[in-house]
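Peer 1: got a sequence here, can you build the structure:
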Amino acid sequence: MTDRSTELPAGLTRKTGGVVRLAPMQVAILAVLLAAGGVLEAGRLSALASPDIWRHLSVGNWILNHGSVPRNILFSQSAQVHWVDDTWLFDLLTAAAVKTFGLRGLPLLDMAFSLVIGLAVFLLARGERRGFWSGAVLSAIAMYVIAGRPLLSSVASVLLFAIVLTLMTRSRTAGSQRDLYWLPLIFLLWANLDIQYVYGLMAVVLYLLVEIAKPLVRQSSSSEHDPGSPRMPWITTAVVTVASLAATLCNPYGYRLWGTAVRSISISSVDLYLPEMHSLRFRQPQDYVLLLFVMTAYFAVGRRHARDLYSLLLLTVCSIVSFHLQRDAWLAAIAAVAVLTHALDATSSEAHNVSASTAPWVVPVAALGATVVLLAAFVLRVPASRDTLMAKVSEGFPVRACDYIRRQALPNPIFNSYDWGSFLTWYLPEYPVSIDGRADAYGEETTLEYFKVTTGQVPLSADPALSGAATILLAADSEMGKALSILPGYRQVYFDDEAMVLLRQN
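Peer 2: Numbering: from 1, shown residues only. The predicted structure is shown next:
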């Protein structure tokens, strides 16, 4: 009787056997990769230091209590100003996590997003060829670049952008448009989680434009066709794109959400005062790694004889955004993964031989293992005591100063630091803030007045919020606070290593 294994190509038999033998090692490596960020978060509790997460929490609590989304700026002295809460679903998710687990819910939420983002980036990097090692290396680099991000609604954009590019990469490689049918549903969710859904739409629109332009730019030589991007009817892609655009209108604010989206990506004079809106300074290793990563992706596009216009456009647009805005450095990292994955898929001789690459149970088992590790880290390393967690919060926010203001019933209105406004909306809601991180709602003029006053560029009387304030809460090392404390008409009533409180004398 003939051994059936000899009927298979010898190379395939050896590779399949090698995959089976390597599977336990792959599970361990992938589990470590997926759990690493969450384990670090359990020890550092960086979610409690995120300036904007408190506004997400306070607004989410309001939505839970009122059963509707806000239409005006909540917890602010500008309550009469109309406001579009473009992250209302993320706010709700944050509030639900804290309501269920207490303040421990914030680190848990960060750990959960770290896990699912790592999984999504790995699945993108693995590509159609199911290459484990290239997928692990590419996703590890990308996760290193985006590590240290604060917990805020943009983590949902990182996750969903990776999913969108995964679907589009599959479609380009396999020549099937079935994966694209999921896009409208994804954008329906994305538009209610975070305003950066515009980046995902940008990727889809670029894809459509390239599909329309292919007959115009391709040459007659068959060697110039991209074997990794089979020709597909662009009409279907156009329908999916229009459906995705329409899906973004399915939100509580309708078309008004697009006005906020446009403002979020436009250049403002306020950006000068916001470090996250500055271009990359190349003062940390991640910036250099990102640069090398993007350069490698460009090299992968350039070394191929095929014309891969979409990869080139996607990488160029994402790189321009990321190197211009520190806040969005993740965009180029995810795009580079997609471009390199497509290049590997298109050039690999194993592109259509899925069984020869990775055992199908490796990813789910590794994800389950990482989940168990993260749950153990959460139970063992994240304190259950609210007092302990609040002590951690007080390392970056004026907890004791707020307690003093509340205990002494100091008068309204309050003038507060920009960086602390979000925290005050949650911890001191009885004192509507003068300003917080919702710069798009306050408007450029109001926000610019604040920064010019606090940096001494204009007289104190130039900002109505300061000149009309009865209580002033500023950082202990604030130059403005030091100046006010010695000026007639102001009296310092509280001081600690984090904050100072002043009263305006009548």
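Peer 1: CA atoms for contacts and neighbours, from now on please.
Peer 2: OK.
Peer 1: state the distance from the closest residue to L48 other than its chain neighbours to Y427.
Peer 2: Closest residue to L48 apart from its sequence neighbours, by Cα to Cα, 6 or more residues apart in numbering: V393 at 5.7 Å. To Y427, V393 is 11 Å away according to Cα to Cα, to the nearest Å.
Peer 1: more crowded one of the two?
Peer 2: V393 (19 against 16; other Cα atoms under 10 Å).
Peer 1: wait, what's in contact with K392?
Peer 2: When contacts are counted by Cα atoms under 8 Å, 6 or more residues apart in numbering, K392 touches L48.
Peer 1: confidence score at it?
Peer 2: According to the prediction, K392 has pLDDT 95.
Peer 1: Three-state assignment for it, please.
Peer 2: When classified by DSSP: H, G, I helix; E, B strand; the rest coil, K392 comes out as helix.
Peer 1: got it, and R491?
Peer 2: From three-state DSSP, the assignment for R491 is strand.
Peer 1: right, and it touches L502 too?
Peer 2: Yes - in this structure R491 lies within contact range of L502 using Cα atoms under 8 Å: 5.3 Å.
Peer 1: can you pick out the residue with more neighbours from the two?
Peer 2: L502 (22 against 17).
Peer 1: beta partners for that one?
Peer 2: I472, Q492 (DSSP bridges).
Peer 1: run a quick check on A359 versus A23, I expect a contact.
Peer 2: Yes - using Cα under 8 Å, A359 makes contact with A23 at a distance of 6.6 Å.
Peer 1: and A95, what is it in contact with?
Peer 2: So A95 contacts 56-58, 60-61, 64 (Cα under 8 Å, 6+ apart).
Peer 1: helices - which of the residues you listed land there?
Peer 2: Members of those lying in helices (criterion: DSSP state H): 56-58, 60-61, 64.
Peer 1: between the residues you listed, which is nearest P432?
Peer 2: Distance to P432, by Cα to Cα, is smallest for S58 among the ones in helices among the contacts of A95, at 12.3 Å.
Peer 1: roughly how far apart are R406 and A366?
Peer 2: 49 Å.
Peer 1: neighbour count winner among the two?
Peer 2: A366 (23 against 14).
Peer 1: need the residues that contact the helix or strand harbouring that one.
Peer 2: Element membership for A366 (DSSP states H and E) is helix 362-381. With contacts defined as Cα under 8 Å, 6+ apart, helix 362-381 is touched by 23-24, 26-28, 30-32, 34-35, 38-39, 42-43, 108, 111, 115, 119.
Peer 1: which residues touch M25?
Peer 2: M25 touches nothing, counting by Cα under 8 Å, 6+ apart.
Peer 1: show me where this protein dips below the pLDDT cut-off.
Peer 2: 1-21, 215-232, 304-306, 348-358 (pLDDT under 70).
Peer 1: centre of the chain versus the helix or strand where L208 lies, how much separation?
Peer 2: L208 is part of helix 197-217, with elements assigned from DSSP H and E. Remark: helix 197-217 is offset 23 Å from the chain centroid, using Cα atoms, centre = their mean, to the nearest Å.
Peer 1: now the strands for this structure?
Peer 2: Listed from the start of the chain, the chain has strands (DSSP state E) covering 414-416, 471-475, 490-495, 499-504.
Peer 1: packing partners of the third one?
Peer 2: Contacting strand 490-495 under the criterion 3 or more Cα pairs under 8 Å, 6 or more residues apart in numbering; DSSP states H and E are the following elements: helix 399-408, helix 479-485, strand 499-504.
Peer 1: relative to helix 399-408, how tilted is that strand?
Peer 2: Put simply, strand 490-495 runs at 110 degrees to helix 399-408, going by axes from the mean of the first three to the mean of the last three Cα atoms, to 10 degrees.
Peer 1: next: the last one.
Peer 2: Regarding strand 499-504 and helix 399-408, their directions subtend 40 degrees when assessed with the same axes, to 10 degrees.
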